[in-house]
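Q: Have a look at this prediction, sequence included:
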Amino acid sequence: MFESITTSQSDTLLALMGAYRADARAQKMDVGVGVYRDKDGATPVMSAVKTAEARVLASQDSKAYLGLVGNAEFNAAMVKLVLGDDGGAARNDVRAVQTPGGCGALRSLLDLVALARPKARVWLSDPTWMNHPVLVAASHLTARTYPYFDLATQKIRFDDMMASLATAGPDDVVLLHGCCHNPSGADLSDAQWTALSNLAAERGFLPMIDLAYQGLGRGLDTDAFGVRCMAAQLPELLVAVSCSKNFGLYRDRVGCAMVVSKNAANLATAFDRLLGAIRGNYSMPPDHGAAVVACILA
């Protein structure tokens with residue numbers, strides 16, 4: 001059977017990681033992977049994480065499955081962290097599910113898109129994180145690009161971006177970086193987010209926001225301006241969140257997928273199909289990292 005397949009295209013980032021590990025020079029520095037390192041090149045466990053882990057270990061009395069949605073306390077805490085407190089009232093326009101990292105969230109949401117719109121086009125920024133097109137292809141969707149960053153001027157090509165996305169429509173998904181754009185580091189201003197949200201409302205395309213660095217740009221709330229703006233203004237929104245960077249939980253694979261809809265019936269159906277896609281993939285998410293985050297945010 002396997003003689004009929006060929007090797008996959010090499011992932012340059014993973015290749016760089018391998019070259020770094022194999023290099024014996026003491027002065028080596030890896031600036032390619034999105035992992036925090038101190039002056040000694042180590043990636044320490046945050047003190048808040050260690051404290052939370054001790055509390056989780058002391059209080060946890062079972063390793064039974066938590067179900068497809070994962071840790072409910074974690075999901076509620078992530079909705080509050082990402083979308084805001086909303087005056088302390090429970091939101092009825094969003095459903096959230098714990099996922100194995102940000103990639104798990106992205107893949108699950110893309111699988112949902114493939115169920116809803118098999119011929120959907122997913123628009124990716126140019127440039128974007130190199131795993132975005134891989135995930136789109138894995139969900140059997142078509143990728144397109146929109147201009148985002150000018151290497152020569154080191155500025156966002158916002159006018160070009162808006163002109164390109166003005167051709168998108170109701171069958172399109174536009175993948176946006178919530179903050180700390182990877183790889184450019186150039187973020188949209190609040191005014192630009194508002195204009196982009198207006199365009200999405202006008203053209204009818206569905207934004208999907210990849211929020212992997214909340215709190216590491218301008219601050220927890222300011223980094224969430226774009227996602228909160230779109231959640232408030234648009235009828236539908238998809239959000240993929242990673243806790244790898246801001247909680248330092250890289251290897252524990254902690255993420256969250258959110259579906260936002262102003263239509264209660266559509267929200268219930270979409271979330272049901274999202275859980276169905278998850279059941280056919282990894283099924284149950286690991287709890288440890290999510291329990292740690294829930295403890296920290298409690």
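A: Looks like it came in fine. Since this is a predicted model, take the numbers as computed values, not measurements.
Q: use CA for all of it now, contacts and neighbours both
A: Will do.
Q: show me where this structure has strands.
A: Taking DSSP state E as the test, the strands found in the chain are 94-99, 121-126, 142-147, 149-150, 155-156, 172-177, 206-211, 236-242, 255-261.
Q: Show me the one of these that comes nearest Gln27.
A: Closest approach to Gln27 among those is made by strand 236-242 (30.6 Å; C-alpha to C-alpha).
Q: quick one: average pLDDT of that closest one?
A: Computed over strand 236-242, the mean pLDDT rounds to 98.
Q: coming back round to it: possible to save the strands of the chain as TSV with mean neighbour count?
A: Output for those, formatted as TSV (neighbours: other C-alpha atoms under 10 Å):
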stretch	mean neighbour count
strand 94-99	25
strand 121-126	22
strand 142-147	18
strand 149-150	19
strand 155-156	15
strand 172-177	23
strand 206-211	24
strand 236-242	26
strand 255-261	26
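Q: CSV for these, including distance to Ile296?
A: Compiled in CSV, the strands of the chain are given as follows (distance: least, C-alpha to C-alpha, whole Å):
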stretch, distance to Ile296
strand 94-99, 16
strand 121-126, 33
strand 142-147, 37
strand 149-150, 36
strand 155-156, 35
strand 172-177, 25
strand 206-211, 19
strand 236-242, 15
strand 255-261, 15
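Q: Out of these, which is closest to Leu267?
A: For Leu267, the closest of the strands of the chain is strand 255-261, at 5.5 Å, according to C-alpha to C-alpha.
Q: who's in contact with stretch 71-82?
A: Contact with stretch 71-82 is made by 86, 96-98, 220-221, 224, 227-228, 256, 258, 287, 290-291, 293-294, 297-298, as judged by C-alpha atoms under 8 Å, 6 or more residues apart in numbering.
Q: re the thing from before, and Val134, which of the strands of the chain is closest to it?
A: Smallest distance to Val134 across the strands of the chain (C-alpha to C-alpha): 9.6 Å, for strand 142-147.
Q: Now do the helices in the stretch 1-150 of the chain.
A: Taking DSSP state H, counting those that start in this stretch as the criterion, the stretch 1-150 of the chain contains helices spanning 12-22, 47-59, 72-83, 101-116, 131-138.
Q: what residues are up against Ser283?
A: With the criterion set at C-alpha under 8 Å, 6+ apart, Ser283 makes contact with Leu68.
Q: quick one: it and Gly70, what's the gap?
A: 10 Å (C-alpha to C-alpha, to the nearest Å).
Q: Also Leu57?
A: 18 Å.
Q: since we're on Ser164, how many residues are nearby?
A: Ser164 is flanked by 14 other residues according to other C-alpha atoms under 10 Å.
Q: I figured it hits Arg144, correct?
A: No. Assessed by C-alpha atoms under 8 Å, Ser164 is found out of contact with Arg144, at 10.4 Å.
Q: burial measure for Lys28, as a count.
A: 11.
Q: Ok, Pro235 next?
A: Pro235, neighbours per other C-alpha under 10 Å, totals 16.
Q: Return the distance of stretch 147-161 from the chain's centre.
A: Here stretch 147-161 is found 22 Å from its chain centre; the criterion is C-alpha atoms, centre = their mean, to the nearest Å.
Q: Then stretch 8-23?
A: 23 Å.
Q: can you check stretch 93-108 too?
A: 8 Å.
Q: Contacts made by it with the rest, please.
A: Against stretch 93-108 from outside (C-alpha under 8 Å, 6+ apart): 68-71, 74-76, 79, 135-136, 138-139, 210, 212, 240-244, 252-264, 267, 271, 274, 277-278, 285-286, 290.
Q: Write a ChimeraX command that selects only the buried members of these.
A: The ChimeraX selection below is limited to those of the contacts of stretch 93-108 classed as buried (16 or more other C-alpha atoms under 10 Å):
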select :68,69,70,71,74,75,76,79,135,136,139,210,212,240,241,242,243,244,252,253,254,255,256,257,258,259,260,261,262,267,271,274,277,278,285,286,290
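Q: got any ranges where this structure has weak pLDDT?
A: For the chain, the stretches with pLDDT under 70 are 10, 32-33, 87-90.
Q: switch to 50 and redo it
A: In the prediction, the chain carries no residues with pLDDT under 50.
Q: re the thing from before, point out the most buried one among the helices of the stretch 1-150 of the chain.
A: Ranked by mean neighbour count under mean count of other C-alpha atoms under 10 Å, the helices of the stretch 1-150 of the chain are led by helix 101-116, which reaches a mean of 23.
Q: between that one and strand 206-211, how big is the angle?
A: Angle, helix 101-116 to strand 206-211, by axes from the mean of the first three to the mean of the last three C-alpha atoms, to 10 degrees: 170 degrees.
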